[in-house]
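K.L.:
sequence plus predicted model, see below.
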Amino acid sequence: MAEETIFAKIIRKEIPADIVYEDDRALAFRDISPQAPVHVLVIPKEPIVSVGEATEDQVGVLGHLMLVAQKVARAEGVGDAFRVVANSGAGAGQSVFHLHLHVLGGRPLDWPPG
Ligand code: 5GP
C-alpha cells in the first residue's frame, strides 16, 4: 500500500495543480518544475507506488495511463515527438512515491537520458 503523497492531495484537490486532463482513473497536470516546454505528469487515481511495485491486477490502469499520455501529448501539440518516463525507485530518481509518467516534449530530447 502506498504512503500518502503530495499527489494524493492533488487528486483530492486539496492543493492546486494545473490539471490538463482528468477521468475516473487518471489525472494529468503540469510539473511544478518543468524540464521541457511540455512537461506533464500522468498519474493513476489509485495509489500505486511505482512501476516496480505494480501488480498484475493493475494492468488495466497501467495501460490506460499510456493512452492518457498519448492524449496529453496530442493536446499539447507534441504528439509527433514526445518522451514518456517513469522513474521507479529512489536510485532511478523517483522522488514522489505515487506512480507517475512524465510526458516531455517541445524541445530536442537527447538519448541516452542522464
Ligand atoms: P520523480 O522525481 O518522482 O520522477 O518526479 C516527481 C515530479 O513531481 C518532479 O518532476 C517534481 O517537479 C514534481 N512535483 C513534485 N511536487 C509537485 C507538486 O506539488 N506539484 C506539481 N505539479 N509537481 C510536483
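P.N.:
Looks like it came in fine.
K.L.:
what parts of the protein come near the ligand?
P.N.:
For the chain, the residues in contact with the ligand (C-beta under 6 Å from any ligand atom) are 6, 17, 29-33, 41, 87, 93-96. Backbone N, C-alpha and C define where each C-beta goes, glycine included.
K.L.:
so what touches stretch 74-86?
P.N.:
Here stretch 74-86 makes contact (C-beta atoms under 8 Å, 6 or more residues apart in numbering) with 20-21, 38, 40, 50-51, 66, 69-70, 73, 99-106, 109, 113.
K.L.:
in this structure, which spans are helices?
P.N.:
For the chain, applying DSSP state H gives helices covering 6-11, 59-75.
K.L.:
for the first one, packing partners?
P.N.:
The elements that helix 6-11 packs onto, with contact taken as 3 or more C-beta pairs under 8 Å, 6 or more residues apart in numbering; DSSP states H and E, are strand 26-30, strand 38-44.
K.L.:
most packed of those strands?
P.N.:
strand 38-44 (a mean of 23; mean count of other C-beta atoms under 10 Å).
K.L.:
how much space separates the closest residue to residue 37 other than its chain neighbours from residue 61?
P.N.:
Take residue 37 and drop its neighbours on the chain: the residue closest to it by C-beta to C-beta, 6 or more residues apart in numbering is residue 106, 3.1 Å away. Counting by C-beta to C-beta, to the nearest Å, the separation of residue 106 from residue 61 is 27 Å.
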